[in-house]
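[1] Show me the folded form of this:
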Amino acid sequence: MAQNDHHEAGGMGADQPAVGTLSQEELDELVASSDTGARGSTGPVGAFLMIVALAWSLFQLWIASPIPFMVGFGVFNDTEARSIHLGFAIFLAFAAFPAAQTRVQVVLGVAVPLILGLLFFISAKEGTPVWWIPLISIAVVAAILMGSPKNHVPPWDWALAIVGAATALYLYLYYRDISSRVGAPIMQDFVVSVAGIIILLEATRRALGPALMIVAAVFLAYTVLGPHMPAIIAHKGNNLSEIVNHQWITTEGVFGIALGVSTSFVFLFVLFGSLLDKAGAGNYFIQVAFSLMGHMRGGPAKAAVVSSAMTGLISGSSIANVVTTGTFTIPLMKKVGFSAEKAGAVEVASSVNGQIMPPVMGAAAFLMVEYVGIPYFDVVRHAFLPAVISYIALVYIVHLEAMKAGMEGLPRAYTPKPIVQRLIGIAFTIAAICALSLAVYYGMGWIRPAFPQAAGYIIFGFLTAVYVALLWVASREAPLRLDDPNAPVSKLPLPGPTVRAGLHYILPVVVLVWALMVDRLSPGLSAFWATAYMVFILITQRPLMAILRGEGGLGAAVSGGFTDLIDGLVTGARNMIGIGIATATAGIIVGAVSQTGVGSALADVVEVLSGGKVLAMLVLTAVLSLILGMGLPTTANYIVVSALLAPVIVTLGQQNGLIVPLIAVHLFVFYFGIMADVTPPVGLASFAAAAVSGGDPIKTGVVAFFYSLRTAALPFLFIFNTELLLIDVTMAQGVFVFVIATIAMLLFAAATQGWFLARNRIHETVLLLLIAFTLFRPGFWMDMIFPPYTEAAPAEISVAAASTPKGEDLRVRVAGVNDLGDPIEFVALVPMGDEATGEDRLAAAGIALRQDGERMIIDDVAYGSAAQRAGLDWDQEVLRVLQPVSVPSKYWMFLPALLLLALVVMMQRGRGSKPRTAKA
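    As a prediction, the model looks like this:
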């Protein structure tokens, strides 16, 4: 087919046409080419690659477990573990991913090594031998030009795999020698580093397509050519010795935080998801979603959203999510009346949203722990509410589409109970789950203090008893089998038997959540224990089920369990190839940012273009995040946009009086980065969905973009209203925020889809947008009526401090210089205590002032004080002082908003709801 050449690149792009619905074999190839590698599944090569992938998984389980520390053997430090991790990833990238031979791919593959070789050549210090650099570039180019077939691994690919793995393992093999000469690389360091960077970028092209390779190469070129750049982004430039030392020999570049997170956390979560899917949980999620929601209007589409949300909990790839759930959901959506493009767009919107759903978030959650510097539990807490609201809104969008087209759901296999009886049943179920959760929480809470040595064994025994009981329940039901979505649908599966048939799949997730949220173990150790329990389930599930069902064939069941385990370990490792390569290559970009200071230059560019307007600055940053995210996998996407654009929002926001928590900034750029998976012309997930649906990929991407507007609106809202991220709110406030924000997002969806109770008129759409905005940001209007701050002259700062309520922040706008000596202005938030006078409060905050005529100067700032943390420093001038004042609650603005909503409801109820004819 026309797209096969591009698939072999390990990526998908805008030059890939959709040519009808693909067969299951072709869909499997599509996932393999984008995630696991398209070759090496059979024969001796397949067996060898399976052994290598299995060894990688076992190595990761070993370093994550407490066993090395217990036996005193096989303990690796962070740098050594990252080196081995990248060695496996590069070796498998060349062995499993054939190089594409499309003209564009070949041109890019040839150009990058030659250009980098030239740049490295000219950047070497005088006297450094550089004759070997052209040889490395030419060797890589020759390997590309000789071709890379899909059905076998040619000698030059083996050579690249071995040399690339050796360059990655260099830090492990020569760790002690390198640590004694940091900053002074020898010739051996030069050769290994240059070869490693060029080979790594070629591995990136194969496994991920050209986008990330090009971005990394541009940043390397910028590192060398800094003095020749336009003045606003120019820098002194870096020579080859500095590049080698920064990017490869130390942990500032390739072997930095991103690769460390991939090594420590991400691999285990991807492996956990792979084992869970191999056990049958993916099919279970889809079946449960269809049994519960398939009968509703547009039911298959709603079930697609819910099943993609559940799959997204454990998935690190939006493309794999699209194909895995879309193979089943897209044909059923088309069957009930969705066009090919709309069916694909629903799957794209729901699958990409899986990347913003905790606990994994496409591995970005673990990177945020390192970059933002807050515990993993806090990352999950802050990210949870926007993700849930976004999914609820998507279900509502699907409902509106079904209303517009007059669709009906799929036929049920049972007669529903009366609504009151169903509500009582739901309430009883929720109460039972809550009671059971409390009993388990408090019941297990005393086990650790009562039995400190044996607590682990007792908990394992309890979980195993529950596991066997749930298996017994599942054995009473028929096995779940994924039906043919193209076959006629006579009835939906029964919800009760479907749910009961796989309840034991929930236990590993419970172990993971318990370890993360209750025991507060590290993400790596939590994932290890969850994966270990998943291994136990895979080995025992088949034989126990055979015994409970009295089916016999115990030996075959035991063998099948071990086969499932090995397949899961191998698939998990192959799923990690792209992520391992992506985090390493993204490390080049992060290293270039820290080495050149391009972050502050980019802030200057955005400031000039936005004219200092906060909203314009956020829009520009969102667009840049969208552009930088094009063609990048989720993990690399987040690394790039957070390294480049998060500091821009922090810096410019503070200068313009917008003080935003760092987690809100990182979530902002992350949301827009992953929108690139939806948005044409790249939109990788849209191309994958179009391949399944047979629709036009560009139209699919456009429709998916409009469905995803709710996801694009959320970051702007939580930047200005951090309550959406559950920052500084109580439990009761959190519930209130969730309810109001959900209503607001549903109204926003109704406005953007042009349908509420009936088709919207223009003025109704405007009113719905106004109501939604008011519910999201009631303070916007209240601040206009009652300004929350009163301005005081700089000389009256002590008076303002004295009148500021205890625990509130005094806002101080100051002028000074930044680290580079350039003049800046920004707003600092200084918390006030309960001292008697304003002078005492300022002193307690760490501020010493002196008056110079009419100017108020900060004379000194105490080390480690609240003032220093706010960014204040000695010799800064106080320009303005803003003290908080008592104002009415912003929530009073809900009253006019609700009155307007009542008006819209009255207008639309009068017209009625007349659906248009459903499309074929």
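
[2] what residues are up against L879?
    794, 813-815, 825 (C-beta atoms under 8 Å, 6 or more residues apart in numbering). In short, each C-beta sits where N, CA and C put it, glycine included.

[3] So which of the residues you listed are in strands?
    813-815, 825 (DSSP state E).

[4] now those residues in JSON lines, with distance to D873, pLDDT and neighbour count?
    What follows is those, written out as JSON lines (distance: C-beta to C-beta, whole Å; pLDDT from 0 to 100; neighbours: other C-beta atoms under 10 Å):
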{"residue": "R813", "distance to D873": "14", "pLDDT": "88", "neighbour count": "18"}
{"residue": "V814", "distance to D873": "9", "pLDDT": "88", "neighbour count": "23"}
{"residue": "A815", "distance to D873": "11", "pLDDT": "88", "neighbour count": "12"}
{"residue": "E825", "distance to D873": "13", "pLDDT": "83", "neighbour count": "16"}
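
[5] and the residues you listed as TSV, adding distance to L768?
    Below are the ones in strands among the contacts of L879 laid out as TSV (distance: C-beta to C-beta, whole Å):
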residue	distance to L768
R813	37
V814	42
A815	43
E825	39
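
[6] quick one: which of those is nearest to K334?
    E825 (56.8 Å; C-beta to C-beta).

[7] who are the neighbours in contact with the residue lying closest to that closest one once chain neighbours are set aside?
    Ranked by C-beta to C-beta, 6 or more residues apart in numbering and with sequence neighbours excluded, the top spatial neighbour of E825 is A815, at 4.9 Å. By C-beta under 8 Å, 6+ apart, the contact list for A815 reads 823-825, 876-877, 879.

[8] run the last query once more with 6 Å
    Going by C-beta atoms under 6 Å, 6 or more residues apart in numbering, A815 touches 825, 877, 879.

[9] And for L480?
    Applying C-beta under 6 Å, 6+ apart to L480 gives the contacts 283-284, 287, 501.

[10] try 7 Å this time
    280, 283-284, 287, 498, 501-502 (C-beta atoms under 7 Å, 6 or more residues apart in numbering).

[11] now swap in A741 and tell me
    By C-beta under 7 Å, 6+ apart, A741 lies in contact with 389, 724, 776.

[12] so can I have JSON lines of these showing distance to S475?
    Formatted as JSON lines, the contacts of A741 follow (distance: C-beta to C-beta, whole Å):
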{"residue": "I389", "distance to S475": "38"}
{"residue": "L724", "distance to S475": "44"}
{"residue": "F776", "distance to S475": "49"}
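
[13] Mind checking which of those residues land in helices?
    Among the contacts of A741, the members falling in helices (DSSP state H) are 389, 776.

[14] Out of the contacts of A741, which comes closest to V75?
    Set against V75, the nearest of the contacts of A741 by C-beta to C-beta is L724 (42.7 Å).

[15] quick one: that closest one from A365, how far?
    Between L724 and A365 the distance is 17 Å, computed by C-beta to C-beta, to the nearest Å.

[16] and if you look at R103?
    Distance from R103 to A365, by C-beta to C-beta: 39 Å.

[17] Compare the two (neighbour count), which wins?
    Neighbour totals were compared for R103 and A365, and A365 leads with 24 against 10 (other C-beta atoms under 10 Å).

[18] With adjacent residues omitted, what lies nearest to the more buried one?
    V379 is the one closest to A365 (C-beta to C-beta, 6+ apart), at 5.2 Å.

[19] Can you dump the C-alpha atoms of stretch 121-130 in PDB for me?
    Output of stretch 121-130 as PDB, limited to C-alpha atoms (Å, rounded to 0.1, in the frame of the first residue of the first chain):
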ATOM      1  CA  PHE A 121      34.500  19.900  12.100                       C
ATOM      2  CA  ILE A 122      34.500  23.800  12.100                       C
ATOM      3  CA  SER A 123      33.800  24.100  15.800                       C
ATOM      4  CA  ALA A 124      36.900  22.100  16.900                       C
ATOM      5  CA  LYS A 125      39.600  24.000  18.600                       C
ATOM      6  CA  GLU A 126      42.800  24.700  16.700                       C
ATOM      7  CA  GLY A 127      45.100  21.700  17.200                       C
ATOM      8  CA  THR A 128      42.400  19.100  17.800                       C
ATOM      9  CA  PRO A 129      42.600  16.300  15.200                       C
ATOM     10  CA  VAL A 130      39.300  16.300  13.300                       C
END
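
[20] and that stretch, which residues are buried?
    Buried residues in stretch 121-130, counting neighbours by 16 or more other C-beta atoms under 10 Å, are found at 121, 123-124, 130.

[21] which stretch of helix or strand covers R412?
    Using DSSP states H and E, R412 is not contained in any helix or strand.
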